[in-house]
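Participant: just a sequence and a predicted model for now, questions to come.
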Amino acid sequence: MIYAFQLPQKLDSDAADDLLQSLRSMTRQSIEIDASNVSALGALCAQVLLSAARQWALDGYSFKIILPSKVFLDDMTLLGLKPHLPVVMLPCVPLS
């Protein structure tokens, strides 16, 4: 089973501890993190996500960031971390 987790809109320094505690409560299981609503990503939260991705890999579980918002991807690029996080780009389905 894969656990789904929705990231909050604002991932600044104030959100880092809550993010860390949330991720700690989901260890030892595969996880998909929905980043579609992220409107701000700070360095501390990016570091928490990067550290969690590495820990999940060491533990042998899947850790994916799915549906990243443009802001999430832009901020990851500005921080130089985009290549280091397992971001899954899912195709968009056009609305008819």
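Facilitator: That came through, no problem.
Participant: in the chain, where is pLDDT below threshold?
Facilitator: Applying pLDDT under 70 to the chain picks out residues 89-96.
Participant: nearest residue to the middle of it?
Facilitator: With distances taken as C-alpha atoms, centre = their mean, the chain has Ile65 as the residue nearest its mean C-alpha position (4.6 Å).
Participant: ok, what's across the strand from that residue?
Facilitator: Bridge pairing for Ile65 (DSSP bridges) gives the partners Ile33, Val87.
Participant: OK, contacts around it?
Facilitator: Contacts for Ile65 (C-beta atoms under 8 Å, 6 or more residues apart in numbering) come out as Glu32, Ile33, Ala35, Leu49, Phe72, Leu85, Pro86, Val87, Val88. Heads up, the C-betas are built off the backbone N, CA and C, glycines and all.
Participant: would you put the C-alpha positions of the longest helix that the chain contains in CSV?
Facilitator: Looking across the chain with DSSP state H, the single longest helix is helix 43-59. Extracted C-alpha coordinates of helix 43-59, given in CSV (Å, rounded to 0.1, in the frame of the first residue of the first chain):
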residue,chain,number,x,y,z
ALA,A,43,15.3,25.8,1.8
LEU,A,44,14.5,24.2,5.2
CYS,A,45,11.5,22.4,4.0
ALA,A,46,13.3,21.4,0.8
GLN,A,47,16.1,20.0,3.0
VAL,A,48,13.5,18.0,5.0
LEU,A,49,12.1,16.5,1.8
LEU,A,50,15.5,15.6,0.5
SER,A,51,16.5,14.0,3.8
ALA,A,52,13.3,12.0,3.9
ALA,A,53,13.7,10.8,0.3
ARG,A,54,17.2,9.5,1.2
GLN,A,55,15.9,7.8,4.3
TRP,A,56,13.1,6.1,2.5
ALA,A,57,15.5,4.9,-0.1
LEU,A,58,17.8,3.5,2.6
ASP,A,59,14.9,1.7,4.2
